[in-house]
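Engineer: model this:
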Amino acid sequence: MNTNRHKKSIAVLLGSVLIAGSVMTVDGNVVTADAVSKSKSTYEQTGVPQVISRMSPSVVGIIGKVTPGSMNDVDDRYNLAHGTGVIWKSDGWIITNAHVVDGLSGITVVTSDGKSYKARAVHSDPKSDIALVKINAKSLKPAKFAASAQEAIVGETVVAIGTPISFSLRNSASVGVVSGLNRSVDGSYRLIQTDTAINPGNSGGPLVNLKGEVIGINSKKFAAVGIENMGFSIPAETVSYVANHLLKYGEVRRASLGLELEESWSAIVGLPSDDPLTVTKVRSGEARKAGIEDQDVLYAINGKRVYSVVDINERLKSFMPGQQVRLLMQRDGDIIEVTLKLSQDGAMAVEGGEGEFVNVKRK
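Structural biologist: Predicted coordinates:
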C-alpha cells in the first residue's frame, strides 16, 4: 500500500516537475524545461514563423481606384480594388499580378512598415498575369526568388503571404502544401497547385518554401460550391522570364511559331497523350517562308516533344524573336524537319492577319 501511494505521488508531480526543471520519462530520459524552450526557439528560427518574419518586409499591399468607364466602375470614392506585391529590387521594383493593376488608377503601394508610395510606372503582361510596379523608394528588402519551382516537392510545406479580403489585413499568412506541379489551368504557362488559403486580395503575393525562397506568385483559385483549397501560383522561372523582359523592354518580347494549332482530344481533356498538334492556320510570314502548311502536324521543337500549347509556350521562353528553331513535323504521312525563324508575338504577318501568341482551337 505504501509503495503504491509513493508511485501515485510521483505521477502527480510529473506535471509540475517540467515547470520546475525536469521530468523523468518512461524510458528514463530526462527532459528539462530549458530543453523544451530551446526546441521552441529552434522551430521559430527554422520553421514557419521565421519564414514569415523574414519574408514579410518584402511583401507589400497594392490599392487603387477602379478606372472610370471600366466594368466595375461606380461613382464612389470607396470603389477601390487591392492586391499584393513582392519587392523584386531594392530600388523600388515590385512584382505583382497583371490583373491586380490593370484597370486601376492612382495606384498606391504600402510596405510592411506602413509607408505609402505612389506608383510611378506600371508594366503589365496579361498573358502571363505578371506585372511590374515602380515606386520611388530605396533600400527596400527584396525577396529571394528560387531559381526554379521545379525543385519543389509535392507535399512540402509552403506559406502564402498577402492582403486577403480587406486592405487592413495586409501581411496575413496562411500555410499549406504544394499540391501539384506543372498544372495546365486555363493559362499560357504551367502553374503550381497549392492547398494554401488564397483569397481575393492575395493575388500577386508570394508562395514561399521553408528555405525562405519565393517559388511562385499567387494568381488564381477555383471557387465554387464543393471546391476547396485549390489555388494556383505562377512558378518562379516564369516570373523571372516575364519580369526581366518587362524591366528591359517594357513588354515581353515573346517568341512565336506564328501558327494556330489544334491540340488532340486527349490533351484537351487531360489524358496522358503522345498525340501531336495540328496546324490549322499559318499566321506569320516567317512560317509561310518556311513552307509550313495547314494540316501539317507538329511533333517536336529542337528535338523536344510537345503535346500541348502550354508545352510550346514553355519551350519558347528560352528563345527571342528572330532566332531559329527546328520543327519535327509530318505532312501527308512523311516526317519532315523544318527550320523556322521565330516571329514576335503580336507582330503583323506579311500577308495580312495577325501573328498571334500560340493559340489553340477547342473542338
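
Engineer: contacts, neighbours, all on C-alpha from now
Structural biologist: OK.

Engineer: ranges for the strands of the stretch 151-300 of the chain?
Structural biologist: 157-162, 172-183, 191-194, 206-209, 213-221, 231-235, 255-256, 259-262, 277-282, 297-301 (DSSP state E, counting those that start in this stretch).

Engineer: helix/strand/coil for Met55?
Structural biologist: helix (DSSP: H, G, I helix; E, B strand; the rest coil).

Engineer: any idea how far Lys141 is from it?
Structural biologist: From Met55 across to Lys141, the span is 9 Å (C-alpha to C-alpha, to the nearest Å).

Engineer: if you count what's nearby, which of those two comes out ahead?
Structural biologist: A count of neighbours by other C-alpha atoms under 10 Å puts Met55 above the other of Met55 and Lys141, at 24 against 19.

Engineer: you'd agree Ser124 is up against Ala131?
Structural biologist: Yes - with contacts counted by C-alpha atoms under 8 Å, Ser124 reaches Ala131, the gap being 4.2 Å.

Engineer: shared neighbours, the two?
Structural biologist: 98, 101, 246 (C-alpha atoms under 8 Å, 6 or more residues apart in numbering).

Engineer: helices - which of the residues you listed land there?
Structural biologist: Cross-referencing the shared contacts of Ser124 and Ala131 against helices under DSSP state H gives 98, 101, 246.

Engineer: which one of these is nearest to Asn79?
Structural biologist: Val101 (14.4 Å; C-alpha to C-alpha).

Engineer: how many neighbours does the residue lying closest to Asn218 once chain neighbours are set aside have?
Structural biologist: Nearest-residue entry for Asn218: Ser233, 4.1 Å, with adjacent residues in sequence omitted and distances by C-alpha to C-alpha, 6 or more residues apart in numbering. Using other C-alpha under 10 Å, Ser233 has 26 other residues around it.

Engineer: please apply the same query to Gly47.
Structural biologist: When neighbours are counted by other C-alpha under 10 Å, Gly47 registers 17.

Engineer: tell me the contacts of it?
Structural biologist: The neighbours of Gly47, taking C-alpha under 8 Å, 6+ apart as the test, are Leu210.

Engineer: cool, the one 4 residues further on as well?
Structural biologist: For Val51, the contacting residues are 208, 210-212, by C-alpha under 8 Å, 6+ apart.

Engineer: of those, keep whichever come out buried.
Structural biologist: Using 16 or more other C-alpha atoms under 10 Å as the burial test, those include 208, 210, 212 as buried.

Engineer: number of nearby residues for Glu314?
Structural biologist: Using other C-alpha under 10 Å, Glu314 has 14 other residues around it.

Engineer: and Leu271, by the same measure?
Structural biologist: For Leu271, using other C-alpha under 10 Å, the count is 10.

Engineer: from Val310, how far out is it?
Structural biologist: Taking C-alpha to C-alpha, one finds Leu271 at 15 Å from Val310.

Engineer: just Lys89 next, same as before
Structural biologist: To Val310, Lys89 is 29 Å away according to C-alpha to C-alpha.

Engineer: show me which of those two is the more surrounded one.
Structural biologist: Legend: neighbour count by other C-alpha under 10 Å for Lys89 and Val310, higher for Val310 (22 against 17).

Engineer: wouldn't the more buried one be in contact with Arg183 here?
Structural biologist: No - judged on C-alpha under 8 Å, Val310 makes no contact with Arg183 at a distance of 9.6 Å.

Engineer: list the residues that contact both of those two?
Structural biologist: Shared contacts of Val310 and Arg183, counting by C-alpha under 8 Å, 6+ apart, come down to Arg190.

Engineer: check which residues of stretch 319-337 are buried.
Structural biologist: Quick answer for stretch 319-337 (16+ other C-alpha under 10 Å): 320-321, 325, 327-330.

Engineer: so how far does it reach from one end to the other?
Structural biologist: For stretch 319-337, the first-to-last residue distance is 19 Å (C-alpha to C-alpha).

Engineer: show me how far it is from its chain's centre.
Structural biologist: For stretch 319-337, the separation from the chain centroid amounts to 30 Å (computed by C-alpha atoms, centre = their mean, to the nearest Å).

Engineer: quick one: contacts for the residue nearest to Asn218?
Structural biologist: Residues near Ser233 by C-alpha under 8 Å, 6+ apart: 191-194, 207, 216-220.
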